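Visitor: attaching a predicted model along with its sequence, questions to come.
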Amino acid sequence: MPTISRRTALGLGAAAVSAPLLGSCSGGGSDSQTQDKIDDPDPNINPTGMPIVDEPITLTMMTGHKPATADDWDSVASVRRMEELSNVHVEWGPVPSAGIAEKRNLALASGDYPEVLNRTSLTSVDLTTYGEQGTFIPLNGLIDDYMPNLKAVMDEYPDIASGMTMPDGNIYSMPTIYDPEFDALIMQRKLWVRQDWLDDFGMAEPTTLEEFEAYLTEVKGRNPVPAGAPDAIPFTASSNGSPMYEMFWGTFGIATRGRTAHPLDADPSGTLRFVPTSDGWREELEFMSRLYAQGLVQTDVFTNDAQTLNGNGRQGIIGACVHYTPIAAFGEDIGSRYVALPPLKKSSADPVPSWNSVMASLVSLGQFVITDHATHPIEAARWMDHYFGDDGARLFFLGIEGESYERTADGSYEFTDMIADNPDGLTANEALKPYVTYMGGTYAGIVMEAYFKGAENSPQSREGTAKVSGHRIDEVWPAFTYTSEEAAELSSLTVDVEKLTDESRDGFVNGKRSLSEWDDYVGQFDSMGIARYLEIQQAAHDRYQG
């Protein structure tokens, strides 16, 4: 298991409080045949070790299938190896991930669902609703008795157990866990600038907002782009520009509990706060609007996506951007010219602020649930638990030793040349398709730095992360879980709150709305029921804290 020393609040991923609450299904509850199979285990089951069963069995699943993975998972080497180890064959029931929510909801509504829902991205509201109905079986006892790998993590880090627990006290799903010490993954987004342009301008690496603004001004004024290329873009990001704001959260003292719970945080007194009405948020909007008014932010950043950002990056026209690792996105030649900045101070007289763009470590909560239709509930739990241990994580992310990866002399793991330098010119992800199925994300298991070789763990990403990791906040809140009643009330509230937040943020920055209207803006939240919204969030927060 990974060594995780910091007490970090571990999150659930964004809870979709707008999810529909469905009527009663065919759940059997604690007196179902599935529970009987847990209470009176089949003698074919081995309670520990491999194989999981002496005589082969088959598990039936509905599985979200990502296009980045192989078409036929039964042909994938790690899948075949797991079947050899466990004596468990899986009928995957693949569904294209783009349509998995609709397919999953139809199956649950009709009662025609398999033993396991795997990689279907159930929300915390789904888990509460179907768990209370008995459609999803509680996993608490299975974790205690048959899942030593997951249990070890939960015992050592109680925040994980708290984050996985629904308001009724039950655990209904197995999540993705990011090792909290895997800083390059937890702090994926950094602020990058062109080192070669800084050198050309005779400027040092910016450490303050003023120095950063001065650099952007030079980029705009000098336009140091290749001949024939479009004009330089001083500062930009993807995702409609949202990641830009994260880079200055610590500077303005907001989002003090990280990315996952945003727009909620704790103010300096520790009280739950709604960030978009805080003084720090207003200050940041003032700073961003000044940059935008000077032409230092991409004009159409509010409609930017990853494809646009990376395309501009490959042309060599971006001065500063928010990204995981520019080399992976822009290519080695241009991407290697970028360096990450530390948390920027308001002024040279101020201390270095905290780095608040930190993900919670418990993500994608509803990725593996066992239903009341399961004829092999213990076997399913044991099968999934393997992937929460070192051997399973290594198999899941690296594939087969001696084929797709090898152990190095220092005890670390590296891809073989078949993957890292494929003779047929395949990218690493393309060459990995015959070996693993994790590409594309949304899976249950644990992501350990030793075994995960994605772009977030590249040398450039790790070097960038080193600039901010020493200032990382210690406490990261999850996206909270809600009762069915709370979720129903939050549904319309959240839609209105998010719409006003996003539209006003962009309007304040691009000048379509004046910051002199701030009091009116705050009043709009009051009129739509922000007080009740915060009451519900406070109750959810208090449950999480225990």
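Guide: Right, received. Where do you want to start?

Visitor: what's the first helix or strand after the helix or strand of the chain with the lowest mean pLDDT?
Guide: When each helix and strand of the chain is scored by mean pLDDT, DSSP states H and E, helix 158-164 comes last, with a mean of 88. Beyond helix 158-164 in the direction of the C-terminus, DSSP states H and E gives the next helix or strand as strand 174-178.

Visitor: contacts for that next one, please.
Guide: Here strand 174-178 makes contact (C-beta atoms under 8 Å, 6 or more residues apart in numbering) with 10, 12, 139, 150, 153, 160, 164, 185-186, 359, 361-369, 384, 388, 441-447. Bear in mind the C-beta positions are built from the backbone N, C-alpha and C, glycine included.

Visitor: in the sheet, which strands lie alongside it, parallel or antiparallel?
Guide: The strands beside strand 174-178 in its sheet (DSSP bridges) come out as strand 362-370 (antiparallel), strand 445-447 (parallel).

Visitor: following that strand, which helix or strand shows up next?
Guide: helix 183-186.

Visitor: next one: that next one to chain centre, how far?
Guide: 11 Å (C-alpha atoms, centre = their mean, to the nearest Å).

Visitor: residue 307 - how many residues pack around it?
Guide: Neighbours of residue 307 under the rule other C-beta atoms under 10 Å: 9.

Visitor: returning to what we had before: now distance to residue 220 too, for the strands paired with strand 174-178, in CSV please.
Guide: Compiled in CSV, those are given as follows (distance: least, C-beta to C-beta, whole Å):
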stretch, distance to residue 220
strand 362-370, 37
strand 445-447, 39
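
Visitor: for the ones you listed, which one sits closest to residue 264?
Guide: strand 362-370 (16.4 Å; C-beta to C-beta).

Visitor: you'd agree residue 444 is up against residue 118?
Guide: Yes. In this structure, residue 444 is within contact of residue 118 by C-beta atoms under 8 Å, at 7.4 Å.

Visitor: overlap in contacts, these two.
Guide: 367, 368.

Visitor: pull out the buried residues from stretch 102-122.
Guide: Within stretch 102-122, the residues scored as buried using 16 or more other C-beta atoms under 10 Å are 104-105, 107-108, 113-122.

Visitor: mind checking which of those land in strands?
Guide: Mapping the buried residues of stretch 102-122 onto strands (DSSP state E) picks out 116, 117, 118, 119, 120, 121, 122.

Visitor: tell me the one of those nearest residue 275?
Guide: residue 121 (25.7 Å).

Visitor: excluding chain neighbours, give the residue nearest to that closest one in space.
Guide: Nearest residue to residue 121, sequence neighbours excluded (C-beta to C-beta, 6 or more residues apart in numbering): residue 442, at 5.5 Å.

Visitor: pull the number of nearby residues for the one you found.
Guide: So residue 442, with other C-beta under 10 Å, has 19 neighbours.

Visitor: would you list the phi and psi of it?
Guide: Per-residue torsions, residue 442: phi 50, psi 70 (degrees, to the nearest 10).

Visitor: follow-up on the earlier one: can you lay out the ones in strands among the buried residues of stretch 102-122 as JSON lines showing pLDDT?
Guide: JSON lines is the format used below for these (pLDDT from 0 to 100):
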{"residue": "116", "pLDDT": "98"}
{"residue": "117", "pLDDT": "98"}
{"residue": "118", "pLDDT": "98"}
{"residue": "119", "pLDDT": "97"}
{"residue": "120", "pLDDT": "97"}
{"residue": "121", "pLDDT": "94"}
{"residue": "122", "pLDDT": "94"}
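
Visitor: pick out the most distant pair among those.
Guide: Taking C-beta to C-beta, no two of those sit farther apart than 116 and 121, at 14.1 Å.

Visitor: okay, now residue 300: neighbour count?
Guide: 12.

Visitor: again but with residue 272, I slipped
Guide: Counted with other C-beta under 10 Å, residue 272 comes out at 18.

Visitor: shouldn't it be in contact with residue 540?
Guide: No. Assessed by C-beta under 8 Å, residue 272 is found out of contact with residue 540, at 9.8 Å.

Visitor: circling back to that earlier point, for residue 492, find the nearest of the strands paired with strand 174-178.
Guide: Using C-beta to C-beta, those put strand 362-370 closest to residue 492, at 22.6 Å.

Visitor: I'd like the mean pLDDT over that closest one, please.
Guide: For strand 362-370, mean pLDDT rounds to 93.

Visitor: I'd like the numbering to begin with 47 instead of 1 from here.
Guide: Let's use 47 as the start, then, which means that last one is strand 408-416.

Visitor: pull up the pairing partners for whichever helix or strand residue 367 is part of, direction included.
Guide: Per DSSP H and E: residue 367 is located in strand 364-369. Here strand 364-369 is paired, per DSSP bridges, with strand 236-240 (antiparallel), strand 279-282 (parallel).

Visitor: after that strand comes which helix or strand?
Guide: Scanning onward from strand 364-369 (DSSP H and E), the first element met is helix 372-376.

Visitor: and the residue nearest the centre of the chain, bridged to which residues?
Guide: Geometric centre of the chain, nearest residue: residue 409, 5.4 Å, by C-alpha atoms, centre = their mean. Going by DSSP bridges, residue 409 is paired in beta bridges with residue 222.

Visitor: okay, it and residue 206: tell me how far apart.
Guide: For residue 409, the distance to residue 206 (C-beta to C-beta, to the nearest Å) stands at 11 Å.
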